[in-house]
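# predicted model and sequence follow; I will ask about them next.
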Amino acid sequence: MSDRIATVARDTLETKIKVEVNLDGTGKSAFDTGVPFLEHMMDQIARHGLIDLSVSCEGDIHIDDHHSVEDIGITIGQAIAQAVGSKKGIRRYGHAYVPLDEALSRVVIDFSGRPGLILNIPFTQKRVGKFDTELFSEFFHGFVNHAQVTMHIDCLRGDNAHHQIETVFKAFGRALRMALEFDVRMGDRMPSTKGTL
(Lines give C-alpha, C1' and ligand atoms only; values in the text may rest on other atoms or scores of the structure.)
Protein backbone atom coordinates (compact mmCIF):
# COMPACT_ATOMS: atom_id res chain seq x y z
CA MET A 1 0.00 0.00 0.00
CA SER A 2 1.53 3.34 -1.04
CA ASP A 3 1.51 6.38 1.19
CA ARG A 4 -1.64 8.44 0.79
CA ILE A 5 -0.03 11.82 1.36
CA ALA A 6 -0.39 15.06 -0.59
CA THR A 7 0.75 18.65 -0.47
CA VAL A 8 -1.12 21.25 -2.50
CA ALA A 9 -0.41 24.97 -2.82
CA ARG A 10 -2.95 27.45 -4.19
CA ASP A 11 -1.87 31.01 -4.90
CA THR A 12 -4.32 33.68 -6.09
CA LEU A 13 -4.67 37.44 -5.74
CA GLU A 14 -7.04 36.80 -2.81
CA THR A 15 -5.39 33.93 -0.93
CA LYS A 16 -2.15 32.03 -0.61
CA ILE A 17 -2.80 28.56 0.78
CA LYS A 18 -0.82 25.41 1.52
CA VAL A 19 -2.48 22.16 2.59
CA GLU A 20 -0.73 18.97 3.66
CA VAL A 21 -2.74 15.82 4.25
CA ASN A 22 -2.04 12.23 5.28
CA LEU A 23 -5.14 10.06 4.92
CA ASP A 24 -3.62 7.32 7.09
CA GLY A 25 -2.59 9.61 9.92
CA THR A 26 -3.44 9.81 13.60
CA GLY A 27 -5.49 13.01 13.71
CA LYS A 28 -2.65 15.51 14.08
CA SER A 29 -3.42 19.03 12.92
CA ALA A 30 -1.75 22.42 12.51
CA PHE A 31 -3.49 25.58 11.34
CA ASP A 32 -2.49 29.16 10.60
CA THR A 33 -5.32 30.80 8.69
CA GLY A 34 -6.47 33.88 10.58
CA VAL A 35 -9.96 32.33 10.87
CA PRO A 36 -10.06 30.77 14.37
CA PHE A 37 -13.57 29.28 14.21
CA LEU A 38 -12.81 27.51 10.93
CA GLU A 39 -9.61 26.15 12.49
CA HIS A 40 -11.67 24.74 15.38
CA MET A 41 -13.91 23.00 12.83
CA MET A 42 -11.02 21.67 10.72
CA ASP A 43 -9.56 20.19 13.90
CA GLN A 44 -12.74 18.08 14.08
CA ILE A 45 -12.06 16.75 10.56
CA ALA A 46 -8.54 15.69 11.52
CA ARG A 47 -9.41 14.26 14.92
CA HIS A 48 -12.51 12.31 13.94
CA GLY A 49 -11.27 11.37 10.48
CA LEU A 50 -7.85 10.23 11.78
CA ILE A 51 -6.38 12.39 9.02
CA ASP A 52 -3.24 14.44 9.57
CA LEU A 53 -4.11 17.90 8.29
CA SER A 54 -2.01 21.05 8.04
CA VAL A 55 -3.46 24.25 6.58
CA SER A 56 -1.82 27.66 6.23
CA CYS A 57 -3.54 30.60 4.59
CA GLU A 58 -2.68 34.24 3.96
CA GLY A 59 -5.97 35.75 2.85
CA ASP A 60 -7.71 39.08 2.49
CA ILE A 61 -9.45 38.75 5.86
CA HIS A 62 -9.25 42.54 6.25
CA ILE A 63 -12.19 42.47 3.81
CA ASP A 64 -13.94 39.43 5.28
CA ASP A 65 -13.39 35.68 5.70
CA HIS A 66 -15.18 34.64 2.48
CA HIS A 67 -12.23 34.08 0.14
CA SER A 68 -10.14 32.32 2.78
CA VAL A 69 -12.92 29.92 3.80
CA GLU A 70 -13.92 29.05 0.22
CA ASP A 71 -10.35 28.63 -1.01
CA ILE A 72 -9.37 26.49 1.97
CA GLY A 73 -12.28 24.17 1.12
CA ILE A 74 -11.07 24.04 -2.49
CA THR A 75 -7.48 23.27 -1.52
CA ILE A 76 -8.39 20.59 1.03
CA GLY A 77 -10.54 18.99 -1.68
CA GLN A 78 -7.63 19.04 -4.13
CA ALA A 79 -5.27 17.55 -1.54
CA ILE A 80 -7.61 14.72 -0.58
CA ALA A 81 -8.31 13.90 -4.26
CA GLN A 82 -4.57 13.72 -4.91
CA ALA A 83 -3.86 11.65 -1.79
CA VAL A 84 -6.61 9.08 -2.39
CA GLY A 85 -5.15 8.19 -5.79
CA SER A 86 -6.87 5.54 -7.89
CA LYS A 87 -9.51 4.71 -5.22
CA LYS A 88 -8.91 1.00 -5.69
CA GLY A 89 -9.79 -0.98 -2.59
CA ILE A 90 -11.44 1.84 -0.63
CA ARG A 91 -14.91 1.56 0.84
CA ARG A 92 -15.96 4.57 -1.29
CA TYR A 93 -19.06 5.36 0.78
CA GLY A 94 -19.07 6.78 4.27
CA HIS A 95 -21.73 8.04 6.66
CA ALA A 96 -22.01 9.24 10.23
CA TYR A 97 -24.50 10.64 12.69
CA VAL A 98 -23.03 12.82 15.43
CA PRO A 99 -24.83 14.44 18.38
CA LEU A 100 -23.67 17.33 20.55
CA ASP A 101 -26.10 18.12 23.33
CA GLU A 102 -29.33 19.20 21.59
CA ALA A 103 -27.87 19.13 18.06
CA LEU A 104 -27.70 16.14 15.70
CA SER A 105 -26.21 16.00 12.20
CA ARG A 106 -25.77 13.40 9.47
CA VAL A 107 -23.17 13.39 6.69
CA VAL A 108 -23.12 10.87 3.82
CA ILE A 109 -20.26 10.91 1.29
CA ASP A 110 -19.50 9.04 -1.93
CA PHE A 111 -16.09 9.23 -3.64
CA SER A 112 -17.98 8.99 -6.89
CA GLY A 113 -15.84 11.19 -9.12
CA ARG A 114 -18.94 13.38 -9.56
CA PRO A 115 -19.17 16.60 -7.55
CA GLY A 116 -22.49 17.22 -5.88
CA LEU A 117 -23.64 18.77 -2.62
CA ILE A 118 -26.98 18.70 -0.86
CA LEU A 119 -26.66 20.94 2.19
CA ASN A 120 -29.40 21.40 4.78
CA ILE A 121 -28.28 23.29 7.85
CA PRO A 122 -31.14 25.46 9.18
CA PHE A 123 -28.91 27.83 11.14
CA THR A 124 -30.48 29.34 14.24
CA GLN A 125 -28.06 32.30 14.09
CA LYS A 126 -26.34 34.17 11.27
CA ARG A 127 -23.05 34.42 13.15
CA VAL A 128 -21.05 32.41 15.66
CA GLY A 129 -18.94 35.04 17.33
CA LYS A 130 -17.50 36.98 14.38
CA PHE A 131 -17.94 34.09 11.94
CA ASP A 132 -20.65 34.22 9.25
CA THR A 133 -22.42 30.84 9.25
CA GLU A 134 -23.26 31.16 5.52
CA LEU A 135 -19.57 30.66 4.71
CA PHE A 136 -19.80 26.95 5.48
CA SER A 137 -21.78 26.52 2.28
CA GLU A 138 -18.81 28.05 0.44
CA PHE A 139 -16.36 25.74 2.25
CA PHE A 140 -18.28 22.57 1.41
CA HIS A 141 -19.03 23.57 -2.19
CA GLY A 142 -15.32 24.22 -2.69
CA PHE A 143 -14.49 20.86 -1.13
CA VAL A 144 -16.91 18.68 -3.12
CA ASN A 145 -16.12 20.36 -6.44
CA HIS A 146 -12.40 19.66 -6.10
CA ALA A 147 -12.45 16.38 -4.18
CA GLN A 148 -14.93 15.13 -6.83
CA VAL A 149 -17.31 13.67 -4.25
CA THR A 150 -21.06 13.57 -3.77
CA MET A 151 -22.09 14.62 -0.28
CA HIS A 152 -25.34 15.04 1.63
CA ILE A 153 -25.19 17.11 4.82
CA ASP A 154 -28.20 17.43 7.11
CA CYS A 155 -28.40 19.07 10.50
CA LEU A 156 -31.44 17.20 11.79
CA ARG A 157 -31.96 19.36 14.88
CA GLY A 158 -30.26 21.94 17.04
CA ASP A 159 -30.81 25.25 18.80
CA ASN A 160 -27.21 26.40 19.18
CA ALA A 161 -25.48 27.35 15.91
CA HIS A 162 -22.04 26.42 17.26
CA HIS A 163 -23.37 22.95 18.10
CA GLN A 164 -25.05 22.65 14.70
CA ILE A 165 -21.80 23.37 12.86
CA GLU A 166 -19.62 21.25 15.13
CA THR A 167 -21.83 18.19 14.71
CA VAL A 168 -21.58 18.62 10.93
CA PHE A 169 -17.79 18.76 10.97
CA LYS A 170 -17.44 15.82 13.36
CA ALA A 171 -19.79 13.77 11.19
CA PHE A 172 -17.87 14.90 8.09
CA GLY A 173 -14.62 13.63 9.61
CA ARG A 174 -16.20 10.30 10.57
CA ALA A 175 -17.77 9.84 7.13
CA LEU A 176 -14.45 10.62 5.43
CA ARG A 177 -12.70 8.06 7.61
CA MET A 178 -15.19 5.34 6.68
CA ALA A 179 -15.16 6.11 2.95
CA LEU A 180 -11.36 6.23 2.72
CA GLU A 181 -10.68 3.05 4.67
CA PHE A 182 -9.48 0.04 2.73
CA ASP A 183 -11.90 -2.87 2.51
CA VAL A 184 -9.90 -6.10 2.81
CA ARG A 185 -12.60 -7.99 0.91
CA MET A 186 -12.37 -5.52 -1.97
CA GLY A 187 -8.64 -6.14 -2.41
CA ASP A 188 -7.25 -3.88 -5.13
CA ARG A 189 -10.47 -3.77 -7.13
CA MET A 190 -12.30 -0.59 -8.04
CA PRO A 191 -15.48 -0.10 -5.93
CA SER A 192 -17.64 0.46 -9.01
CA THR A 193 -19.32 -1.74 -11.62
CA LYS A 194 -18.08 0.74 -14.24
CA GLY A 195 -14.48 -0.11 -13.38
CA THR A 196 -13.57 3.54 -12.88
CA LEU A 197 -14.42 6.43 -10.57
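Cool, got the structure. Because the structure is predicted, anything quoted here is derived from the model rather than measured.
# so which residues of this structure form helices?
With DSSP state H as the criterion, the chain has helices at 36-49, 66-84, 135-147, 161-180.
# pLDDT on the second one, on average?
The average pLDDT within helix 66-84 is 98.
# same question, the third one
Mean pLDDT, computed over helix 135-147, is 98.
# counting by contacts, list what that helix packs against.
With contacts taken as 3 or more CB pairs under 8 Å, 6 or more residues apart in numbering; DSSP states H and E, helix 135-147 sits against helix 66-84, strand 116-120, strand 150-157. Placement of C-beta: from N, CA and C, glycine included.
# ok, the nearest residue to D24 once chain neighbours are set aside - how many residues close by?
Leaving aside its chain neighbours, D24 sits nearest to R4 (5.5 Å; criterion: CB to CB, 6 or more residues apart in numbering). R4 has 19 neighbouring residues, counting by other CB atoms under 10 Å.
# check contacts around R4.
N22, L23, D24, A83, V84, G85, L180 (CB atoms under 8 Å, 6 or more residues apart in numbering).
# got a markdown table for those, with distance to G59 too?
Shown next, in a markdown table, are the contacts of R4 (distance: CB to CB, whole Å):
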| residue | distance to G59 |
| --- | --- |
| N22 | 24 |
| L23 | 25 |
| D24 | 29 |
| A83 | 23 |
| V84 | 26 |
| G85 | 29 |
| L180 | 28 |
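# and the two most separated of the residues you listed?
N22 and G85 (13.0 Å; CB to CB).
# so what's D101 scoring on pLDDT?
98.
# thought H163 was touching it, still the case?
Yes - using CB atoms under 8 Å as the test, D101 is close enough to H163 to be in contact (5.7 Å).
# where's the residue lying closest to F31 once chain neighbours are set aside relative to H67, distance?
Excluding the flanking residues, the one nearest F31 by CB to CB, 6+ apart is E39, at 4.0 Å. Plainly put, E39 is 16 Å away from H67 if you go by CB to CB, to the nearest Å.
# related to what we said a few turns ago, what would the helices and strands packed on helix 135-147 look like in JSON lines with mean neighbour count and distance to V144?
Below are the helices and strands packed on helix 135-147 laid out as JSON lines (neighbours: other CB atoms under 10 Å; distance: least, CB to CB, whole Å):
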{"stretch": "helix 66-84", "mean neighbour count": "23", "distance to V144": "7"}
{"stretch": "strand 116-120", "mean neighbour count": "13", "distance to V144": "5"}
{"stretch": "strand 150-157", "mean neighbour count": "19", "distance to V144": "5"}
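# S137 is nearest to which of these?
Using CB to CB, the nearest of the helices and strands packed on helix 135-147 to S137 is strand 116-120, at 5.9 Å.
# any idea how far stretch 19-37 is from the middle of the chain?
11 Å (CA atoms, centre = their mean, to the nearest Å).
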